[in-house]
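# turn this into a model:
(chains A, B and C)
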Amino acid sequence: MAYPKTLGESLRAHGVSRRGFLKFCAATASMMALPPTMTSAIAAALEQARRPSVIWLSFQECTGCTESLTRSHSPTVEDLILDVISLDYHHTLQAASGEAAEHAREEAMRENFGHYLVVVDGSLPGPDANPGYSTIAGISNYQMLMETLEGAAAVVAVGTCAAFGGLPKADPNPTGAVAVQALAGDKPVINVPGCPPVPMVITGVLAQYLTFGKLPEMDRYNRPLAFFGQSIHDRCYRRPFYDKGLFAQTFDDEGARAGWCLYRLGCKGPSTYNACATMRWNAGTSWPVEAGHPCLGCSEPKFWDAGGFYDALSVPPGNTGGTLLAAGVSGAIIGGAAAALAKRRQKGDEAQRQPVKIDELEQKL
Amino acid sequence: MIDPMDFLLWTKGPMFDWAIAIFALGMMARLVEIFMLGRKPNYAEPRGSEWGPGFRTILTRSVADAGTFQRAPFNVVIGMIWHIGFFIALLLFIPHIELIYSVLGIRWPGLPNPAVDAVTAITILAMIGALIHRLRNPVMRHISTFEDYLVWTVTFLPLMTGYIAYHRLIDPYPLALGLHILAAEIFLIVLPFTKLTHIFTVFIARWYNGAIFGRKGVAS
Amino acid sequence: MTALPGIPVFVQPGCGPGEWGNALPVLHEIRHALARLAESGESRVIDLNAMPFGPGDEERLLALLGQGEIEARLNALGVTEIRETAVPGVWLVDHRNAEGERLVLHIEINTVPDILRTQAPDLRDAVATLDARLAAGTSEFPPRPDS
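Sure, this is the predicted structure:
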């Protein structure tokens, strides 16, 4: 149920001072990867913003994205839930269960038809797959998604599973999993991939949508450019080592301890677009590369099937050595056969050769 | 619009297998054919050995003789520059070393990335110079065939796309990298069916030359 | 594969002037902003959340900036610590939430941080606020001995 008050009114009613509101806006600007000069614009926008209803659907997921969200510090998830959005349905975070929970969802949809935000985490079996792989409250994920999408203003697909299919969709995709955007039709979709996404990116995207009421600028995969516009490689603090050609060869060797580039250990940073290198994890504590582990490329489509996590980006995922050997042997056989045929024909020609003497030639001519 | 990630995974996956297969099959067929057809038996009595001079000639012919250099200095110099540059970019760049290690199981130390980058830039310029020379020099223009321009193109493209990918001049990166890998695959596929086989046959030819002279007892 | 306790730990000694890592570009940005502030009064805020800092970069940066004369605390939605650095015009504004976790660390190049100033909407209601306190009871205003 959306509250009729604006966010500004609601915050003041909660006893938040002007300075406190500015602090909240400064933190929100930082979270949305906007420059600090935007704080006043955000303050003005949030003053007028209304609290929309948010319905969170969880499908074939590991709950890591919700875990990530609840680790978000800025603002705290409680702030986000209570003051900015009205989270009317969420399996893990809601108190209700069973019929009461489904009733809450249906009521929220009815009351806010056309205006509520749908957040999805987890992929779902597609319309052609066996719906029994994932059901909630007795109906298939697909049916629940289609029902809920009818009156949605926009869809936010949180996590690589919802955005691209993720782990369920990895080879051989036994459940027939598909990404949310494959089913959303012409509903606006914002993809927030990552396995899980950086916590502050989730709340940053939600805050951005709720502050400005429109979709952010997005790349070809419908990911907000503010967080997914730069590659890890371009913002990595170890980049100077890549540029100098100083690489760690194995885990815990001299180069690894000196903090050198992890390209040879399989870092997918160059082809991965995410905010890990700048926003980092656990409120800016660290991130995989800083901890010495190569980037998995977890915010990119098909990253589970994109080659070994510990194979360098230039290494093909298949068994190329075997192909080379097999093709080489076949080539040798073919070449040998061709040469043998040529030799036999040559021998045959020699056997049939009819020597000619000069006298015979002169007689002919 | 093609999904860049799908494109990259296709070039690294099935397309790479195809390219390697065609390359290996074609090249092995040619080489086995060459060796099996062999040479005509030479019934003259040998005056010297074949093997020493054969191998020595492989090395000595790497330097152009004085006459060739006088007649075509540009070709010799530019040719040397871009060939050496090509080998450095291909064999001493760490991501390539990782690739070769994953396929063949052997690896060696590489050069720092900026060094390879500079060499690549020089190689690209040298290749462009070579093409311009081929187009403008009347003799070269006259004797050049479609195959000459084809092999120039399939050799130039991996260098150019590699440079572009390294400097991330095309967005997003998976597209840039995919184009480079595809260019290299085209090179591999075209190789066994064109004069690019000289990569392997030049050494065989040099050996034969040295062997012939050596058998005759002539210094080569 | 060595067991975890078997992996030796090496503590990195303090770095010399040449090892600023990624703190150096931020220092340059501060320098430019400071020059602009001195010349035209234009202020600037730098958000450190978005910097690709490596381990220790932030500490090095803050150590270089040093400690100034002023320390202030803002109590709103948690504590915000504002302190002047040893460089005049360069302030650190450290916003924390109610649990003490950092929300954002700003470096503000200004004569005084904007959040310290009295805010315009509050000033508009200031007289009304004072009147309300007067009306609430004289216990709020103990009479001065010489009034």
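
# where does the residue lying closest to B:Phe69 once chain neighbours are set aside land in three-state SS?
Nearest non-adjacent residue to B:Phe69, counting by CB to CB, 6 or more residues apart in numbering or on different chains: B:Val76, 5.2 Å away. Where you see a C-beta, it was placed from the backbone N, CA and C, and this is true even at glycine. What DSSP: H, G, I helix; E, B strand; the rest coil gives for B:Val76 is helix.

# quick one: B:Val76 from chain A, how far?
Applying CB to the nearest CB, to the nearest Å, the value for B:Val76 to chain A is 31 Å.

# OK, contacts around that residue?
Shown in contact with B:Val76 (CB atoms under 8 Å, 6 or more residues apart in numbering or on different chains): B:Ala64, B:Thr68, B:Phe69.

# can you rerun that using 10 Å?
B:Val63, B:Ala64, B:Asp65, B:Thr68, B:Phe69, B:Gln70 (CB atoms under 10 Å, 6 or more residues apart in numbering or on different chains).

# okay, now the unreliable bits of chain B?
B:1, B:220 (pLDDT under 70).

# can you pull up the most central residue in it?
B:Ile199 (5.1 Å; CA atoms, centre = their mean).

# what strand or helix carries that residue?
Element membership for B:Ile199, per DSSP states H and E: helix B:198-216.

# kindly export that helix (C-alpha atoms) in PDB.
This file holds the C-alpha atoms of helix B:198-216, laid out as PDB (Å, rounded to 0.1, in the frame of the first residue of the first chain):
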ATOM      1  CA  HIS B 198      55.800 -20.700 -46.300                       C
ATOM      2  CA  ILE B 199      55.700 -20.300 -42.500                       C
ATOM      3  CA  PHE B 200      56.700 -24.000 -42.500                       C
ATOM      4  CA  THR B 201      57.900 -24.700 -46.000                       C
ATOM      5  CA  VAL B 202      60.500 -22.000 -46.000                       C
ATOM      6  CA  PHE B 203      62.600 -24.000 -43.600                       C
ATOM      7  CA  ILE B 204      62.200 -27.200 -45.700                       C
ATOM      8  CA  ALA B 205      63.100 -25.300 -48.800                       C
ATOM      9  CA  ARG B 206      66.200 -23.800 -47.200                       C
ATOM     10  CA  TRP B 207      67.200 -27.200 -46.000                       C
ATOM     11  CA  TYR B 208      66.900 -28.700 -49.500                       C
ATOM     12  CA  ASN B 209      68.900 -25.900 -51.000                       C
ATOM     13  CA  GLY B 210      71.700 -26.300 -48.500                       C
ATOM     14  CA  ALA B 211      71.500 -30.100 -48.800                       C
ATOM     15  CA  ILE B 212      71.800 -30.000 -52.600                       C
ATOM     16  CA  PHE B 213      74.900 -27.800 -52.400                       C
ATOM     17  CA  GLY B 214      76.400 -29.600 -49.600                       C
ATOM     18  CA  ARG B 215      76.100 -32.900 -51.400                       C
ATOM     19  CA  LYS B 216      77.900 -31.400 -54.300                       C
END
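
# so is it next to chain A?
No: using CB under 10 Å from any CB of the partner chain, we find that helix B:198-216 stays clear of chain A, coming within 12.4 Å at best.

# returning to what we had before: any idea which of the contacts of B:Val76 is closest to chain A?
Nearest to chain A, judged by CB to the nearest CB, of those is B:Val63 at 30.5 Å.

# close enough to count as contact, the residue nearest to the centre of chain B and B:Met27?
Yes: counting by CB atoms under 10 Å, B:Ile199 does reach B:Met27; the two are 8.9 Å apart.

# now stretch C:125-143: mean pLDDT?
When pLDDT is averaged over stretch C:125-143, the result is 76.

# please enumerate the strands of chain C.
C:44-47, C:71-75, C:79-84, C:90-96, C:102-109 (DSSP state E).

# dump those strands to CSV, plus mean neighbour count, mean pLDDT and distance to chain A.
Output for the strands of chain C, formatted as CSV (neighbours: other CB atoms under 10 Å in any protein chain shown; pLDDT from 0 to 100; distance: least, CB to the nearest CB, whole Å):
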stretch, mean neighbour count, mean pLDDT, distance to chain A
strand C:44-47, 19, 91, 4
strand C:71-75, 13, 92, 6
strand C:79-84, 18, 92, 6
strand C:90-96, 22, 92, 5
strand C:102-109, 22, 89, 4
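
# next up, the contacts around the residue nearest to the centre of chain B.
By CB under 10 Å, 6+ apart, the neighbours of B:Ile199 are B:Met27, B:Leu191.

# now it: how far from B:His133?
According to CB to CB, to the nearest Å, B:Ile199 stands 22 Å off from B:His133.

# which one of the residues in chain C is closest to chain B?
Nearest to chain B, among the residues of chain C, is C:Pro52, at 16.2 Å (CB to the nearest CB).
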